[in-house]
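Trainee: missing the sequence, but the structure's below:
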């Protein structure tokens, strides 16, 4: 049994933090740990939160987390931050402040850089959600900046996905361009007291009406900075989850999520097997030489290399 | 030989357009075509252009392309657009206008949606660059919105990467957060006549000085809308390429790019092999049942499935 198993199951913050570091640094060891935790995984509700930079996601999540904690939930938050080594994560100040205001760890927060996660962002984030789930958190919130496809993919791991927009900086167009609208189970118009909130509301409604795949997506207006609309949002999320459970869609979605995760892990193991063999690097180099010196096409060289590596 | 080979090698726009559609819709057929083209691939200079939405990338690329064409180059442009089926690509109006102003096809432009590219964005974009290269384009420009990791990865396929920022909307912070700065060989401050251009310049210089990995990255100021600074930018790019060639880094980079592409194609073939077998879906479903019913952990189930599928 992995040495962190007992600590994580007991909900010890230090063990949880170290377990999450494993996901970032040593995926094989993390796999062992998650294997040991598996009978305790699956109880927590998983909420995905995404939206453009500056929409106020972190402040909103803080308010939601505090409100849920006050009604007895234990919260885990994973914030996927696209920060690069270039900045060294210096922009995480907000999180640090919140962590300090919460020293009983009834809200556990962890930021992860989206680069350098071995095995990919989606796999890493799901692994962390599993760890938080097994540690006894009743609600796991995954926050990503919804700007690129891979970032939006992450929210597909959630039971319910909130897309947060604000009236500023053309968020509605950016959201539509980047496919954010499709990811949304609930749309949150944050900073509702700013100019343009009504226009944003009508833009979104118009976009859904024009869409070829029409669906009814609840739109909730909030002002996270003044803690307004938070209970409306929680009510909308609870209602969504209840209707999903009643229709059987909740279980069906968990099945789809599990299917994608199994596929992702199979491919992860396969990549490991392929490239970790003793001579794979030499074979790869020789294939690249064939391509660069026009002896073989790229696709020919790759096909031949795959045959060699899987023989 | 693939039926489009002759047309692409002759630089026929219709054949080129159809070849690019293959990449989007039928990766196996595209692989066959690119195999047939391979002796003609490798001559074009590849320029990556990225930056936040609204930085003016498209206008800038148009100006650069026109200027290069006037000095005798044949230009191919691939614009990777994150548009989703939700909008049906309606925001590509700019491109359509430019295509019309260029009916001799000395500048060939193609937009591709970043979702739904089988095999991934990086593979698809590189395949399209190969097709344009083989068709006799002397310069291939790949444009991506630099907002997420996968979008930035694409620029690693280029001989030189331009990161375009504008003084508006906090671009410098967003660029630093998203890892854009690391991707840059040349930084372009576009819309230099707008307020904040000087501050953006000093922010960027400060960021590079603070960086643990200091490097000298040229910064060029342009105003694409008024065609200012374009020749400075082209001069900076030519100078960069020349120094790369002189130091041997140009060839070393092409080798790294080829290595990553071979690896990517090997993995693509492997995924195809894994999941296309007759019973793989049934086996996957059974593995997922094991997980959902707590008979096996996720990692155990995936490991066992990989063994079954590669037996």
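Mentor: That came through, no problem. On a predicted model such as this, the values are computed, not experimentally measured, just so you know.
Trainee: is the helix or strand where residue A:65 lies up against chain B anywhere?
Mentor: Assigned by DSSP states H and E, residue A:65 belongs to helix A:57-70. No. Helix A:57-70 does not reach chain B (C-beta under 8 Å from any C-beta of the partner chain); its nearest approach is 12.9 Å. To be clear about C-beta, it is placed using only N, CA and C from the backbone, and glycine gets the same treatment.
Trainee: packing partners for that helix?
Mentor: strand A:45-51, strand A:75-81, helix A:93-100, strand A:107-113, strand A:139-145, helix A:230-247 (3 or more C-beta pairs under 8 Å, 6 or more residues apart in numbering or on different chains; DSSP states H and E).
Trainee: Least confident of these, on average?
Mentor: Ranked by mean pLDDT, the helices and strands packed on helix A:57-70 end with helix A:93-100 at the bottom, a mean of 53.
Trainee: Which pLDDT value goes with residue A:19?
Mentor: 95.
Trainee: and the angle from the host helix or strand of it to strand A:75-81?
Mentor: In the assignment (DSSP H and E), residue A:19 maps to helix A:13-25. Going by axes from the mean of the first three to the mean of the last three C-alpha atoms, to 10 degrees, helix A:13-25 is angled at 30 degrees with respect to strand A:75-81.
Trainee: Report the buried residues of the next helix or strand after helix A:13-25.
Mentor: For helix A:13-25, the following helix or strand on the C-terminal side (DSSP H and E) is helix A:27-37. Neighbour-count burial for helix A:27-37 flags A:27, A:30, A:31, A:32, A:33, A:34, A:35, A:36, A:37 (criterion: 16 or more other C-beta atoms under 10 Å in any protein chain shown).
Trainee: who does helix A:27-37 touch, helix- and strand-wise?
Mentor: helix A:5-9, helix A:13-25, helix A:121-134, helix A:249-276, helix B:298-309.
Trainee: Apply 6 Å and report the result again.
Mentor: helix A:13-25, helix A:121-134 (3 or more C-beta pairs under 6 Å, 6 or more residues apart in numbering or on different chains; DSSP states H and E).
Trainee: Mind giving me the packing neighbours of the helix holding residue A:19?
Mentor: Counting contacts by 3+ C-beta pairs under 6 Å, 6+ apart, helix A:13-25 packs against helix A:5-9, helix A:27-37, helix A:121-134.
Trainee: just to revisit the earlier point, would you mark the buried spots in the helix holding residue A:65?
Mentor: Using 16+ other C-beta under 10 Å as the test for burial, helix A:57-70 gives A:57-69.
Trainee: how about the nearest residue to residue A:32 once chain neighbours are set aside, secondary structure?
Mentor: Distances taken as C-beta to C-beta, 6 or more residues apart in numbering or on different chains place residue A:2 nearest to residue A:32, at 5.0 Å, with adjacent residues excluded. Of the three states, residue A:2 takes coil under DSSP: H, G, I helix; E, B strand; the rest coil.
Trainee: neighbours around residue A:2, how many?
Mentor: Residues lying near residue A:2 (other C-beta atoms under 10 Å in any protein chain shown) number 18.
Trainee: how about it, what does it touch?
Mentor: A:32, A:33, A:36 (C-beta atoms under 6 Å, 6 or more residues apart in numbering or on different chains).
Trainee: So what does it have for phi and psi?
Mentor: The phi and psi torsions at residue A:2 (degrees, to the nearest 10) take the values phi -70, psi 140.
Trainee: Surely residue A:309 and residue A:274 touch.
Mentor: Yes. Shown here, residue A:309 and residue A:274 form a contact pair, counting by C-beta atoms under 6 Å, at 5.3 Å.
Trainee: follow-up on the earlier one: reformat the helices and strands packed on helix A:27-37 as TSV; add mean neighbour count and distance to residue A:292.
Mentor: Converted to TSV, those look like this (neighbours: other C-beta atoms under 10 Å in any protein chain shown; distance: least, C-beta to C-beta, whole Å):
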stretch	mean neighbour count	distance to residue A:292
helix A:13-25	18	34
helix A:121-134	25	31
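Trainee: For residue B:133, which of those helices is the nearest?
Mentor: helix A:121-134 (30.9 Å; C-beta to C-beta).
Trainee: wait, does that closest one contact chain B?
Mentor: No. On the criterion C-beta under 6 Å from any C-beta of the partner chain, helix A:121-134 is out of touch with chain B, staying 7.2 Å away.
Trainee: quick one: average confidence on that helix?
Mentor: Across helix A:121-134, pLDDT averages out at 92.
Trainee: now do stretch A:283-299
Mentor: Per-residue pLDDT values across stretch A:283-299 average out to 96.
Trainee: So for that stretch, what gets flagged as buried?
Mentor: In stretch A:283-299, counting by 16+ other C-beta under 10 Å, buried: A:284, A:287, A:288, A:290, A:291, A:292, A:296, A:297, A:298, A:299.
Trainee: Specify the angle between the helix or strand where the fifth one lies and helix B:249-276 in degrees.
Mentor: Remark: residue A:291 resides in helix A:280-292, with elements defined by DSSP H and E. Interaxial angle of helix A:280-292 relative to helix B:249-276 (the same axes, to 10 degrees): 110 degrees.
Trainee: Who are the packing partners of helix A:280-292?
Mentor: Helices and strands touching helix A:280-292, by 3+ C-beta pairs under 6 Å, 6+ apart, are helix A:298-310, helix B:249-276.
Trainee: The ones you listed into CSV, with extra columns for distance to residue A:79?
Mentor: Below are the helices and strands packed on helix A:280-292 laid out as CSV (distance: least, C-beta to C-beta, whole Å):
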stretch, distance to residue A:79
helix A:298-310, 37
helix B:249-276, 29
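Trainee: Out of these, flag the one nearest residue A:18.
Mentor: That would be helix B:249-276 among the helices and strands packed on helix A:280-292, by C-beta to C-beta, at 30.9 Å.
Trainee: Next, the buried residues of that closest one.
Mentor: Along helix B:249-276, these residues count as buried under the neighbour rule (16+ other C-beta under 10 Å): B:250, B:253-254, B:257-271, B:274.
Trainee: what mean pLDDT does it have?
Mentor: Here the average pLDDT along helix B:249-276 is 93.
Trainee: what helices or strands is that helix leaning on?
Mentor: By 3+ C-beta pairs under 6 Å, 6+ apart, helix B:249-276 packs against helix A:280-292, helix A:298-310.
Trainee: now those as JSON lines including distance to residue A:232?
Mentor: Listed next are these as JSON lines, based on distance: least, C-beta to C-beta, whole Å:
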{"stretch": "helix A:280-292", "distance to residue A:232": "55"}
{"stretch": "helix A:298-310", "distance to residue A:232": "53"}
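Trainee: Residue B:235: which of those helices is closest?
Mentor: Among these, the nearest to residue B:235 by C-beta to C-beta is helix A:280-292 (29.1 Å).
Trainee: circling back: now the buried residues of helix A:57-70 in a markdown table, with pLDDT?
Mentor: A markdown table is the format used below for the buried residues of helix A:57-70 (pLDDT from 0 to 100):
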| residue | pLDDT |
| --- | --- |
| A:57 | 88 |
| A:58 | 86 |
| A:59 | 88 |
| A:60 | 93 |
| A:61 | 93 |
| A:62 | 90 |
| A:63 | 91 |
| A:64 | 94 |
| A:65 | 93 |
| A:66 | 91 |
| A:67 | 92 |
| A:68 | 94 |
| A:69 | 91 |
